[in-house]
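Visitor: The sequence and its predicted three-dimensional model are supplied below.
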Amino acid sequence: MKIPLIYNARSVLQRPMSTAFTALGIGLVVAVFIGMLALANGFRAALVRTGSDLNALVLRRGADTELASGIDRATASILAASPHVASGADGRPLVSPEVYVLVPLTRRGADTGTVANVVVRGIGEAAWKVRSNIAIVAGQPPHSGRAEVCVGRKMAATFPNTGVGQTLHFGGRDWTVVCQFTAGGSAFESEIWGENEQFMPVFRGEVFQSVSFRLKDPAAFEEAKRALESDQRLTVDVHQESTFYAEQSQVLGRILQVLAFLVTSIMAVGAIFGAINTMYAAVATRAPEIAVLLTLGFHPLSVLLSFLVESVLIALVGGVIGILLALPINGIVTSTTNWASFSEIAFSFRVTPGLLLAGLVFALVMGTLGGFFPAWRAARLPVVQALR
Amino acid sequence: MRFLHLVLANLGRHKLRTLLTTASVALALFLFASLRTVVTTLDAAARFGSARRLVSTNATGIVFPLPLSYANKLRAVPGVEAVTWANWFGGRYGDNKRFFAQFAVDPQSYLEMYPEISLPEDQKQAFFRERSSAIIGRRLVDVFGWRLGQNVTIRGTIFPGDWTFTIRGIYTPTDAVINDDMLLFRHDYLEERVGRPGIAGWYVFRIDDANHAAQIARTVDGQFKNSSAATKTGTEQAFNASFATMWGNVSLLMGTIGLAVVFAILLVTANAMMMSARERTGEVAVLKAIGFSDRIVFGLVMLEAAAIALTGALLGLGGAKFLYKATNFNAAGFLPGFDVTTSTLLLGATVALLLMLASGLVPAIRAARLPVVQALRRVE
Amino acid sequence: MALVEIREVDKTFQRGSERIDVFIGLTLDIAEGSFTALMGPSGSGKPTLLNLVAGLDRPTRGSVRVAGAEVSAMRPNQLAPWRARHIGFVFQQLNLLPVLTAYQNVELPLLLTRLSRKERDERIRLALGVVGLEDRLSHYPRQLSGGQEQRVAIARAIVADPTLVLLDEPTGQLDARSSGDVLQLLGRLNQEFKKAIIIVTHDAHAADAARTVLHLDKGRLIERQGAAV
């Protein structure tokens, strides 16, 4: 015989404070769980989206970041002429040689002592087409020959003087902001873009840091990689763009994930303890009722399941509370330094349905663990004693 | 305290509950202390540095180099006692899972500038003598198992190729400003292999009087303002501080989580206290009938809450302090000098106190106000 | 002057919209060294009278004096210490704290005094000796029988040498044998140790043990038997 759920529901309502506290405790754990993983998620996502499977990124051999790399014009030309490079609608190769440097800028509202190293990327016309998901959302692309720059949307949000028409100062010169762009939420949105020829004399001279191109046959990446790396005229490493940027998210991404699991595990233990306390007390107060149920003929297993279900129900409520608490942070933009590339990256917290589900499951687990032993005790209640 | 055994007896009534609640408090405070220590460690790192050392970097950005010729010009600036420079090498070792800093330095001037890098004289001399030698921080011995005299090969990223160094010295930092996991090798070795005249990543120079720091910094920057590479000069502290700020909103994040943790545990503790209190109304009534005043009864309940909070605090805060010290934890190099500060312990104790008040106050007041007659009423 | 003087006491309870008059104009004396049983049907207010005497409750009107003190007029923060000094109370059940041993339970009233540990120890052993349980010092209530629990409760009630010992249905939960033991003990306390005792009871045997029996009905004293003074 199954014990009707209404019994559990009513009993839960009879101790509102206790139930509320336990549920809230579990809710907080779930919220922190979702929140921290959303942070790790957002960071990872921003970097993963930066690269595309369709593109290859070429750096000098041995360089692990764009910053450390150097590619001269000759190399860039040879790459542009390669048969592995796709052509655009106009017949020109979809290849983008780029300058990459970091400049110190002060974040909005911070004092001048605290700087962030912002990526300044030199581009040619092809970059807008080669790099993925780029869309200009305000203003016009920079004019050739002028000290004009474009600013990524997220960068515009975190730094001052980044509106269209305003002036940025770096590298000892003034630069007019002529447009803002989005890039599907990727790391590019934290960058400043301008013409290669404008940046070269200011920074590192006549050398690019990277060349990225659209693969003619994305499935044949390995072949293209082998061909270019074994070319005697070049000393380069060819990376798949998507893999490259994803790897840049490894260190920090992993740290954030580990931190998330550590913190929430410890919190979860506390919440489970709370659930155990509540359920034990519930069993103790309701001992006479339980005894009656057992005497009436309900199987001890039914009693166990009944209490377990009660604990899980409370935990589920907690899980929902946790989800409601965590949802609002979705989309909040934050920024930090990606130590792998030493550059500033802004990204949004990213709460996914999968994460919400995980949170709910987590709550369920906590409820089950917390309710198990008390439920066990309820099932094994010595009837005679309880009825005295 | 003659009533202490009453409090302890009450706690022993449900040993499991008391244990679980105390453990929750301990865990929460452990977490709290850990999170706060991340913040304090970053803060402290921002304050490392001698007041008499200044750092000059390229004004365009820290990733841009400065000419070596600046060294002599810096020496000539009034108030400057000694000058050295360093280059960030940024190589990878092994599977690159453990990050550590590698610098190419001018051996004599660098070690003279940083007496905090302490190593035996004979090792120092070996470093001065051998071109391909390197000195490493003590921690790297534990991390990688390196030994004196061993050859280590590092893959260059900025400076391509494989670079082999012979370890001729192991240093111990005498001050937290120096990380204990760096690898320092010789600038002339770098120059020789690269085949080009060398450059400096940044300059460090010592001045005669800390009070002149701002003025000298201005002089230096003014001097190079119109050169090929303009400089940005500041104190060593400011230089270190700028790295700490690169973490961005970490403080806020840690603080928020810390709050959530504390609040969650508060709920657990308060719940446990309330449950205990509810079960004991009859006994409280008996005590009052015997003649225990409202005040004493209030105190007994608060003492119970205090016992849990205090034990939890000792275990959690003490545990954190001890654990990190004993394991010499530094988050794989990211958080050097990770140590739970006294201020964190005090703050944790305050949290424990608040926990005690918040969880104990309501049951204590209830007990104090308990109308004895109602509680004693029995079925006739 | 009688030990307990109750004068024109009214006691009314408000239960929701209902008004219950427990006593109306109750007047009675209880003499020093007496052993009084309060009897009467349910609702006659017997435990309420006990509460008034102990200062646990206040009359709606009238006065209650115990050992010369105007208990009904005392302030709440004066009552507790007064009660600790003058009153020993035994309830029908749940007297003892289950987490404390017999010894520790008996010690409770002494914790409110300034006696040293040694002095407390003497009195506790004495009290437990009087009730015949000196060999059960370290037992917990769950290890004692019902009768033994009540005797420990009595030991606790007398350990601080109170002016008056009040018992509310002390034999209500006990079997005949244990009841007998308890009543015998009470008799001894009264005759040998000259303790004034008031017990509320249904039990006819308990009434026999007492020397004065007061019958209450609907808040009025309707009969008085036994020795006067």
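Guide: Perfect, I can see it now. Note that the structure is predicted; figures quoted are calculated from it, not measured.
Visitor: could you pull out the helices for chain A?
Guide: Counting by DSSP state H, residue ranges of the helices within chain A are A:5-14, A:16-48, A:73-80, A:127-130, A:153-158, A:196-199, A:221-230, A:241-248, A:250-285, A:287-296, A:300-326, A:353-379, A:383-387.
Visitor: Out of those helices, which is closest to chain C?
Guide: Each of the helices of chain A has some distance to chain C by C-beta to the nearest C-beta; the shortest is helix A:383-387, at 11.6 Å. C-beta coordinates here come from the backbone N, C-alpha and C atoms, glycine included.
Visitor: Give the rounded mean pLDDT of the closest one.
Guide: Here helix A:383-387 scores 62 as its mean pLDDT.
Visitor: right, so the helices of chain A: which one is the most enclosed?
Guide: Relative to the other members of the helices of chain A, helix A:16-48 carries the highest mean neighbour count by mean count of other C-beta atoms under 10 Å in any protein chain shown, namely a mean of 25.
Visitor: Please point out the stretch among the helices of chain A with the lowest average pLDDT.
Guide: Looking at the helices of chain A, the lowest mean pLDDT belongs to helix A:383-387 (a mean of 62).
Visitor: ok, the residue of chain C found nearest chain A - contacts?
Guide: Nearest residue of chain C to chain A, counting by C-beta to the nearest C-beta: C:R142, 11.6 Å away. Going by C-beta atoms under 8 Å, 6 or more residues apart in numbering or on different chains, C:R142 touches C:P98.
Visitor: What degree of burial does the nearest residue to C:I222 once chain neighbours are set aside show, as a neighbour count?
Guide: Counting by C-beta to C-beta, 6 or more residues apart in numbering or on different chains, the nearest residue to C:I222 once its immediate chain neighbours are dropped is C:H215, at 5.2 Å. A count of neighbours around C:H215, defined by other C-beta atoms under 10 Å in any protein chain shown, yields 18.
Visitor: ok, now the one 3 residues further on?
Guide: Summarising burial for C:K218: neighbours were counted as other C-beta under 10 Å, giving 14.
Visitor: re the thing from before, list the helices and strands whichever strand or helix holds the residue nearest to C:I222 packs on?
Guide: Secondary-structure element containing C:H215, defined by DSSP states H and E: strand C:212-217. Packed against strand C:212-217 by the contact rule (3 or more C-beta pairs under 8 Å, 6 or more residues apart in numbering or on different chains; DSSP states H and E) you find strand C:35-39, strand C:220-226.
Visitor: CSV for these, including mean pLDDT and mean neighbour count?
Guide: Below are the helices and strands packed on strand C:212-217 laid out as CSV (pLDDT from 0 to 100; neighbours: other C-beta atoms under 10 Å in any protein chain shown):
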stretch, mean pLDDT, mean neighbour count
strand C:35-39, 89, 24
strand C:220-226, 71, 13
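Visitor: In a markdown table: the ones you listed, plus distance to A:S341.
Guide: Listed next are the helices and strands packed on strand C:212-217 as a markdown table, based on distance: least, C-beta to C-beta, whole Å:
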| stretch | distance to A:S341 |
| --- | --- |
| strand C:35-39 | 89 |
| strand C:220-226 | 95 |
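Visitor: For C:V4, which of those is the nearest?
Guide: Across the helices and strands packed on strand C:212-217, C:V4 has its closest neighbour in strand C:35-39 (9.0 Å, C-beta to C-beta).
Visitor: Within its sheet, name the partner strands of that closest one and how each one runs.
Guide: Sheet neighbours of strand C:35-39, with direction, are listed as strand C:196-200 (parallel), strand C:212-217 (parallel) (DSSP bridges).
Visitor: who touches the helix or strand following the first one?
Guide: Okay, so that is strand C:196-200. Downstream of strand C:196-200, the next assigned helix or strand under DSSP H and E is helix C:204-209. Counting by C-beta under 8 Å, 6+ apart, helix C:204-209 makes contact with C:35, C:37, C:39, C:170-171, C:179-180, C:183-184, C:186-187, C:199, C:201, C:213, all of which sit outside it.
Visitor: out of the residues you listed, which one sits closest to C:M74?
Guide: Taking C-beta to C-beta as the measure, C:M74 sits nearest to C:I199 out of these, at 24.0 Å.
Visitor: Quick one: mean pLDDT over the longest helix along chain C.
Guide: Counting residues, the longest helix in chain C under DSSP H turns out to be helix C:176-191. For helix C:176-191, the mean pLDDT works out to 87.
Visitor: what pLDDT does residue 64 get?
Guide: All of this refers to chain A. pLDDT, the model's per-residue confidence, is 86 for A:D64.
Visitor: please go with chain B instead
Guide: At B:F64, the pLDDT recorded in the model is 90.
Visitor: isn't there a helix covering the residue of chain C closest to chain A?
Guide: Yes - going by DSSP: H, G, I helix; E, B strand; the rest coil, the assignment for C:R142 places it inside a helix.
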